[in-house]
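S.K.: what's the 3D shape of this:
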Amino acid sequence: MDISSVQRWQSLMSLLKRFGFLLLLLLPPPTLALSHSLLLSFNSRIMSFKGFQKSIARAPQQFKLKFNIGEHTKDAVYSDAERRFDELEKETKKLHDESKKYFSAINGMLSHQIEFSKAVAEIYKPISGRASDPTSYQFEGNAEGIQACEEYEVIVRELQDALAPELEMIDSRIISPADQLLEVIKVIRKVAVKRDHKKLDFDRRNATLKKLEEKKDKSLKDEKALYKAENDVEQSTQEFNYYNDLLKDELPKLFALEAEFIRPLFQSFYYMQLNVFYTLHERMQGMNISYFNLELDVEEAFEQKRGNIQEQAEALTIVHYKTQGVRRSGSKLNPLGKGADSKGSIGRGRSSSTATDDNPPPPYSSAGMPSPTGSFSSAAKGKPAPPLPRAKPSHLSKSVETVTALYDYEAQAHGDLGFSAGDVIEIIQRTENTNEWWSGRIAGREGQFPANYVQLN
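M.R.: The predicted structure is shown next:
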């Protein structure tokens, strides 16, 4: 954009500023609001364009200031005030942010404790899968543990209600005043930026004036430029001194008010925290839940509660067997329940970690599988099992071999056959080992399933 274009643009803007109101009067009423908004938007773009022009003009002087080239105006009094102002802004923002974090942390801690008690109560409840007859389950959960979780949840909710006024005071007496002080600091920061811009203009125009004054042979054009430079320097001096003196006069007053403002905030925050911790201590100290023995050591109480549950789990025959068949990997099988995870848990296609090749455990028989109610029938002893009859040719066989599902099984991979406890499954292919996977059919669906989930009919 050349100089003539800039001049024409500035002339057009001047006309719009002078006669824009008359143009609005000539417009019809329906378009008046729209035209007014358009003029406001246009005016903001004009201001932004002017700011862009000033930024370009100040760029060389900013470069010189950054690398300390040439002469620059320095004011030691203002520099000290600016440093203290930066510290005030930093500390106020830190107080605001940390108070807000503390407010959120206390609320989050109490909410977490409530959700934690709910989660533990779910663990204490009996694990029950899908069954054709839900009434057949026997309640084997930890009733005392569930009651303790419910009592703890009630205590935390009461604590949450008791701390609500203290937390509200933190928000109203600490966070909100600090936020208001930050708004005041933001306004002062804009004035400080304006002062820095005026200083750049003063240094830039003063450097231009010195160059013209040092020139020996001045032409008529140089004289005009010198006259204009003197006027610019005088105007820049007035503008810079106005903002510089304003900040040097007002910032010390702000610093004096800072002590009166910040000190009560810190004192209030201290006593509010003291009340919060005192309330937490009193409620937790007075917690009387018979399920917990707070006098015992943590590890000692844990061992006492656990008892010999680990030995009982390791004594189960179902966790000590060796899989002999080959099964694809990709899904896991656990006859004890879908979510069970114990030392004796097993995976599909691999044997238990406790089984060895030298001492293989005895294979399962149909009599040794658990019944739907969870009890084990005693295995036959004394006489060896009779040999299985020789299979008949398929064209002579009329009866179909079937099994009855003892547990629910949900298909976990492509090709699996899912079923519910009590379903009758038609056997397509099976082995003599009940710890392997058999093929079957039910309701028109075919697939593989774990043999130790069913019982031969």
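S.K.: only C-alpha atoms for contact and neighbour calcs from this point on.
M.R.: OK.
S.K.: Low-confidence ranges, the stretch 351-457 of the chain, go.
M.R.: Within the stretch 351-457 of the chain, the stretches with pLDDT under 70 are 351-398.
S.K.: hmm, 90 instead?
M.R.: Residue ranges of the stretch 351-457 of the chain with pLDDT under 90: 351-400, 410-415, 432-435, 443-444, 457.
S.K.: Run through the strands of it in chain order.
M.R.: Using DSSP state E, counting those that start in this stretch, the strands of the stretch 351-457 of the chain run over 402-405, 424-429, 437-442, 445-450, 454-456.
S.K.: Sheet partners, orientation included, of the shortest one?
M.R.: Paired with strand 454-456 in the same sheet, following DSSP bridges, are strand 402-405 (antiparallel).
S.K.: Which positions within the strand it pairs with qualify as buried?
M.R.: By 16 or more other C-alpha atoms under 10 Å, the buried positions in strand 402-405 come out as 402-405.
S.K.: Run through the neighbouring helices and strands of the top helix by length along the chain.
M.R.: When the chain is parsed with DSSP state H, its longest helix is helix 220-285. Where contact means 3 or more C-alpha pairs under 8 Å, 6 or more residues apart in numbering; DSSP states H and E, helix 220-285 is packed against helix 76-124, helix 143-170, helix 176-214.
S.K.: burial count for Ala76?
M.R.: When neighbours are defined as other C-alpha atoms under 10 Å, Ala76 has 8 of them.
S.K.: beta partners for the closest residue in space to Gly415 that isn't next to it in sequence?
M.R.: Excluding the flanking residues, the one nearest Gly415 by C-alpha to C-alpha, 6 or more residues apart in numbering is Gly447, at 5.1 Å. Beta-bridge pairing of Gly447 under DSSP bridges involves Gly440.
S.K.: does Gly447 really touch Arg430, like I thought?
M.R.: No: counting by C-alpha atoms under 8 Å, Arg430 is not a contact partner of Gly447; they are 11.9 Å apart.
S.K.: Name the residue in the two with the higher neighbour count.
M.R.: Taking other C-alpha under 10 Å, Gly447 and Arg430 do not tie; Gly447 has more neighbours (17 against 14).
S.K.: what bridges to Asp416?
M.R.: Applying DSSP bridges to Asp416 yields these beta-bridge partners: Gln448.
S.K.: Could you pull up the residues touching it?
M.R.: Asp416 makes contacts with 447-449, as judged by C-alpha atoms under 8 Å, 6 or more residues apart in numbering.
S.K.: Output the residues you listed as TSV; include the columns distance to Ala229.
M.R.: What follows is the contacts of Asp416, written out as TSV (distance: C-alpha to C-alpha, whole Å):
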residue	distance to Ala229
Gly447	95
Gln448	95
Phe449	96
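S.K.: Kindly indicate which of these lies nearest Pro264.
M.R.: Top of the list for closeness to Pro264, among the contacts of Asp416 and by C-alpha to C-alpha, is Phe449 at 72.3 Å.
S.K.: So what's the residue count around the closest one?
M.R.: So Phe449, with other C-alpha under 10 Å, has 22 neighbours.
S.K.: Show me the domain layout of the chain.
M.R.: 78-285, 327-376+391-457 (automatic domain parsing).
S.K.: Tell me the pLDDT of the closest residue to Lys118 other than its chain neighbours.
M.R.: Nearest residue to Lys118 in three dimensions, chain neighbours excluded: Cys149, at 7.0 Å (C-alpha to C-alpha, 6+ apart). pLDDT, Cys149: 90.
S.K.: swap in Ile289?
M.R.: 84.
S.K.: Against Leu265, how distant is Ser172?
M.R.: Applying C-alpha to C-alpha, to the nearest Å, the value for Ser172 to Leu265 is 11 Å.
S.K.: Including distance to Asn275, could the helices and strands packed on helix 220-285 go into CSV?
M.R.: Formatted as CSV, the helices and strands packed on helix 220-285 follow (distance: least, C-alpha to C-alpha, whole Å):
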stretch, distance to Asn275
helix 76-124, 13
helix 143-170, 7
helix 176-214, 20
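S.K.: of these, which approaches Lys221 most closely?
M.R.: helix 176-214 (10.9 Å).
S.K.: quick one: which of the contacts of Asp416 is nearest Ala143?
M.R.: Phe449 (35.1 Å).
S.K.: Report the separation between that closest one and Ile428.
M.R.: Distance, Phe449 to Ile428, by C-alpha to C-alpha: 11 Å.
S.K.: Mutual contacts of those two, please.
M.R.: In contact with both Phe449 and Ile428: 438-440, using C-alpha under 8 Å, 6+ apart.
S.K.: how about those residues in TSV, adding distance to Glu223 and neighbour count?
M.R.: Converted to TSV, the shared contacts of Phe449 and Ile428 look like this (distance: C-alpha to C-alpha, whole Å; neighbours: other C-alpha atoms under 10 Å):
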residue	distance to Glu223	neighbour count
Trp438	107	20
Ser439	107	20
Gly440	108	21
